[in-house]
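J.: Here you go, sequence then predicted model.
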There are 2 protein chains.
Amino acid sequence: MEFRVLKRCKSSKARLGEIVTDHGRLETPVFMPVGTAGAIKGVSPEEARDAGVEIILTNTYHLYLRPGHELIEKLGGLHSFMNWSGPILTDSGGFQTFSLSKLRTISPDGVTFRSHLDGSTHFLGPEKVMEIQRALGADIIMTLDECVAFGADHDYVLASVKLTEQWARQCLEKRKDNRQALFCVVQGGIYPELREMSARGLVSMGFDGYALGGLSVGEDKEKRERVIRLTSEFLPEEKPIYLMGAGTPEDIIESVKMGVDMFDCVIPTRNARNGMLFTNNGKLIIKNARYAEDSSPIEEGCACYTCSNYSRAYLRHLFLSKEILSFRLNTIHNLYYYARLMSGIRQAIREDRLAEFSHDFYTGKAESL
Amino acid sequence: MEFRVLKRCKSSKARLGEIVTDHGRLETPVFMPVGTAGAIKGVSPEEARDAGVEIILTNTYHLYLRPGHELIEKLGGLHSFMNWSGPILTDSGGFQTFSLSKLRTISPDGVTFRSHLDGSTHFLGPEKVMEIQRALGADIIMTLDECVAFGADHDYVLASVKLTEQWARQCLEKRKDNRQALFCVVQGGIYPELREMSARGLVSMGFDGYALGGLSVGEDKEKRERVIRLTSEFLPEEKPIYLMGAGTPEDIIESVKMGVDMFDCVIPTRNARNGMLFTNNGKLIIKNARYAEDSSPIEEGCACYTCSNYSRAYLRHLFLSKEILSFRLNTIHNLYYYARLMSGIRQAIREDRLAEFSHDFYTGKAESL
């Protein structure tokens, strides 16, 4: 993987970059929709591509448990298995052992946890995580890290930062001549000195990219933005910065200004399935009675497949009827919205007008639907 | 609507025909997938079309209850509402008041029933059913009939045949200058003389097509085929015969030989969602462990989107993971299978080799997957 900064914003730390992988080139800042178990919920690979998706994230935890990384490797790897020819990033699984599984136990060797599917016991250590991700064959893979809950005390987080650093080193050693790009994860909770320690330690080892982990776990927006701002100071300018698990369109715009290049989040897809649609004029809750006879598309001027062919009234009907097509049409629109948001951000950086773009974004939001 | 017989089979009563509607021309025998509530469950209109679907059936009962026929009319009719530009047939709703609703009461005026959605009380009479179907705007609409449960005694069925005939007459009167083709429904249970009476009575009024109703409600295959065979004797050769609610590929082939031109059934779509896939070599249950590492498509040589892009192993994984994409990919394959079956039947009739086609079909089925 190659990363190159193409242009820097004059009014912020935002930058336009490019990532080149064996599965194609893309520009940053970029948003990665989540294909949890080897499928973006609700859409086909072609639909995701048509909606503007250029890179996706899939979850090592889920694919390891089902159908298993060895099976996927045997069938030619994840790209072939799920029929997605573009770049893929896999996380390490660390976060899901924290958020999904029960009875997680952490030792210096790794994480022992129970599967959320059947309660069976499993172990993920740095070497194992590298083996799994090599078998899956994503373009970008992640080191194992410990995600600490919001509110953990300084001593706990300090120990955790050291553990995360140790695991990152083991992952780096295990990597050897693997062509996959390896990103590490900066931890340190909300403690500035621990974020700095984590960043410096990881940077000294040299990774292909740096992720900010342990955020969006309960801390408020101000604390989160402070962590992003200060941590990015210690990260090398020539490497991509990836904010894990974010976020809303607002989170993305603010983080881009702080220098973040990559994002992933379930919001566009999950909210779509719950009937919450993004538009330039704010959120639209499709089940609302006001849309019952509304023949207009979700958003006037939107060129997505859904807006090109279906009315709010029909989408409301599908949602209330729990039709499978409802999930799909809503998801296509939200993915398109996110892709358009990101390309708008990139274009604004290219043309030195990110501040104006941001202003327009917040002003547009003020309009009522 | 126009119907014309293009060719007659020499070895059976099968015929190749054509139907021309305001929304396009198609050849018979034809299978109509069910788009219950204004969507074929699991697929988009374009996918259905690509899978070979030429005409669909939607349910008056469902659309009347939600979102309401007046709303659909206001939004430009069902074709526009659901983004399906091909022909549509709507049933009368009579069958669903029998199969879905509670507390159905039949009077000479019509059917009073409780909605399966919210328990509210509704009334469907012949005039109302015509109003609803006019508002929906399908190309082919149906008269209201009473579907009688299997096992009803002769007196009950006799009265029901008379009622169905009376309602058919009222529908015909209500129709006036409506461009929509109007089909009636022959009833009579398993009593040959009542089927004959029903058929003769309806034929004397003159409809655009004749449906066989009240079948697949519990009677065995032999009884059902006897009814189809004898009833079709009393129906005009120049009009299409439509067997409602059938069926399996075997049902279709046997019924075609008895002169049936049109079919509808939830089997291809519902079974797909349950992981049961049709192939020329029999049924394939995708969740079976034997497919866990199977890199081959559902069916070798199948040109559907699913078989062109995905392995059995991936489809099994999606099914076990309850991914939305599972329903869709399975449905695309089954719709394609049915469309291919029907085009195979038509081609066989055209080339005077239906008996051979039928033999090959049953022989193929004998092979094990």
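T.: Yep, it's here.
J.: Residue A:71 contacts residue B:295, doesn't it?
T.: No: Residue A:71 is not in contact with residue B:295 according to Cβ atoms under 8 Å; the separation is 10.2 Å. Glycine gets a C-beta too; all of them are placed from N, C-alpha and C.
J.: higher neighbour count, the two?
T.: Applying other Cβ atoms under 10 Å in any protein chain shown to residue A:71 and residue B:295 shows that residue A:71 carries more neighbours, namely 17 against 14.
J.: tell me the contacts of that one?
T.: Applying Cβ atoms under 8 Å, 6 or more residues apart in numbering or on different chains, one finds that residue A:71 lies in contact with B:292-293, B:313.
J.: Within the helices and strands, which one has it?
T.: Residue A:71 is located in helix A:69-74, with elements delineated by DSSP states H and E.
J.: May I have the helix or strand that that helix is followed by as CSV, with CA atoms only?
T.: Sequence-wise, the next helix or strand downstream of helix A:69-74 (DSSP H and E) is helix A:78-82. Output in CSV follows, covering the C-alpha atoms of helix A:78-82 (Å, rounded to 0.1, in the frame of the first residue of the first chain):
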residue,chain,number,x,y,z
LEU,A,78,-12.2,-12.5,1.2
HIS,A,79,-12.3,-10.5,-2.0
SER,A,80,-13.4,-13.5,-4.0
PHE,A,81,-15.6,-15.0,-1.3
MET,A,82,-17.7,-11.9,-1.0
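J.: next helix or strand past helix A:78-82?
T.: Next in line after helix A:78-82, if elements are assigned by DSSP H and E, sits strand A:88-90.
J.: helices or strands up against that next one?
T.: strand A:56-58, helix A:78-82, helix A:126-136, strand A:140-142 (3 or more Cβ pairs under 8 Å, 6 or more residues apart in numbering or on different chains; DSSP states H and E).
J.: quick one: whichever helix or strand comes after that strand to chain centroid distance?
T.: Counting by DSSP H and E, the element after strand A:88-90 in chain order, helix or strand, is helix A:94-99. Computed by Cα atoms, centre = their mean, to the nearest Å, the chain-centroid distance of helix A:94-99 equals 15 Å.
J.: Buried ones in helix A:94-99, by neighbour count?
T.: Residues A:94-98 are the ones in helix A:94-99 that count as buried (16 or more other Cβ atoms under 10 Å in any protein chain shown).
J.: Who are the contact partners of the closest residue to chain B within the stretch 151-300 of chain A?
T.: Going by Cβ to the nearest Cβ, chain B is nearest to residue A:295 of the stretch 151-300 of chain A, at 5.3 Å. By Cβ under 8 Å, 6+ apart, residue A:295 lies in contact with A:311-313, B:75-76.
J.: List only those of those flagged as buried.
T.: Listed as buried from the contacts of residue A:295 are A:311-313, B:75; burial here means 16+ other Cβ under 10 Å.
J.: on that earlier part again, go through the helices and strands packed on strand A:88-90 and name the closest to chain B.
T.: Closest of the helices and strands packed on strand A:88-90 to chain B is helix A:78-82, at 5.5 Å (criterion: Cβ to the nearest Cβ).
J.: roughly how far is that closest one from the heart of the chain?
T.: Worked out by Cα atoms, centre = their mean, helix A:78-82 lies 19 Å from the chain centre.
J.: same deal with stretch A:100-111?
T.: 23 Å.
J.: so how far does that stretch reach from one end to the other?
T.: End-to-end distance for stretch A:100-111, by Cα to Cα, to the nearest Å: 13 Å.
J.: Show me what counts as buried in that stretch.
T.: Within stretch A:100-111, the residues that count as buried by 16+ other Cβ under 10 Å are A:100-101, A:104, A:106, A:110-111.
J.: quick one: the residue of the stretch 151-300 of chain A closest to chain B from residue A:321, how far?
T.: For residue A:295, the distance to residue A:321 equals 18 Å [Cβ to Cβ, to the nearest Å].
J.: Remind me which helix or strand the residue most central in space within chain A belongs to.
T.: By Cα atoms, centre = their mean, chain A has its centre lying nearest to residue A:264, at 1.3 Å. Following DSSP H and E, one finds residue A:264 within strand A:262-265.
J.: What average pLDDT does that strand get?
T.: For strand A:262-265, mean pLDDT rounds to 98.
J.: shaky segments in chain A?
T.: Within chain A, the segments meeting pLDDT under 70 span A:365-369.
J.: Could I get the contacting residues of the residue sitting furthest away from the middle of it?
T.: When distances are taken from the C-alpha mean of chain A, residue A:293 lies farthest, 36.0 Å away, according to Cα atoms, centre = their mean. By Cβ under 8 Å, 6+ apart, the contact set of residue A:293 is A:313, B:71, B:74-75.
J.: ok, of the buried residues of stretch A:100-111, which one's closest to chain B?
T.: Of all those, the one with the least separation from chain B (Cβ to the nearest Cβ) is residue A:100, at 14.0 Å.
J.: does the closest residue in space to that closest one that isn't next to it in sequence sit in a helix, a strand or a coil?
T.: Leaving aside its chain neighbours, residue A:100 sits nearest to residue A:116 (4.6 Å; criterion: Cβ to Cβ, 6 or more residues apart in numbering or on different chains). Classification of residue A:116 using DSSP: H, G, I helix; E, B strand; the rest coil returns coil.
J.: Surely residue A:116 and residue A:102 touch.
T.: Yes: judged on Cβ under 8 Å, residue A:116 makes contact with residue A:102 at a distance of 7.3 Å.
J.: Tell me the buried residues in the top helix by length along chain A?
T.: Using DSSP state H, we find that the single longest helix of chain A is helix A:324-350. Residues A:324-346, A:348-349 are the ones in helix A:324-350 that count as buried (16+ other Cβ under 10 Å).
J.: Same check on stretch A:243-260?
T.: In terms of neighbour count (16+ other Cβ under 10 Å), stretch A:243-260 has its buried residues at A:243-249, A:251-260.
J.: how far does that stretch stretch from start to finish?
T.: Distance between the two ends of stretch A:243-260: 7 Å, counting by Cα to Cα.
J.: Repeat that for stretch A:47-59.
T.: Span of stretch A:47-59 from end to end, Cα to Cα: 20 Å.
J.: check whether that stretch contacts chain B.
T.: No: counting by Cβ under 8 Å from any Cβ of the partner chain, chain B is not contacted by stretch A:47-59; separation bottoms out at 9.2 Å.
J.: Touching that stretch from outside, list them.
T.: A:19, A:24, A:26, A:30, A:32-38, A:40, A:43, A:78, A:82, A:84, A:86-91, A:93, A:96, A:136, A:138-139, A:264, A:304-305, A:328, A:332, A:335-336, A:338-340, A:342-343.
J.: One more pass at 6 Å, please.
T.: Applying Cβ atoms under 6 Å, 6 or more residues apart in numbering or on different chains, the contact partners of stretch A:47-59 are A:26, A:32-36, A:38, A:40, A:86-91, A:264, A:332, A:335-336, A:339.
J.: next one: stretch A:184-198
T.: Defining contact as Cβ under 6 Å, 6+ apart, one finds that stretch A:184-198 is touched by A:143, A:145, A:148, A:152, A:154, A:157, A:161, A:164, A:168, A:199, A:202, A:207, A:211-214, A:219, A:223, A:227, A:230-231, A:234.
J.: what does stretch A:146-163 give?
T.: For stretch A:146-163, using Cβ under 6 Å, 6+ apart, the contacting residues are A:94-95, A:98, A:164, A:187-189, A:191, A:194, A:197-198, A:213-214, A:217-219.
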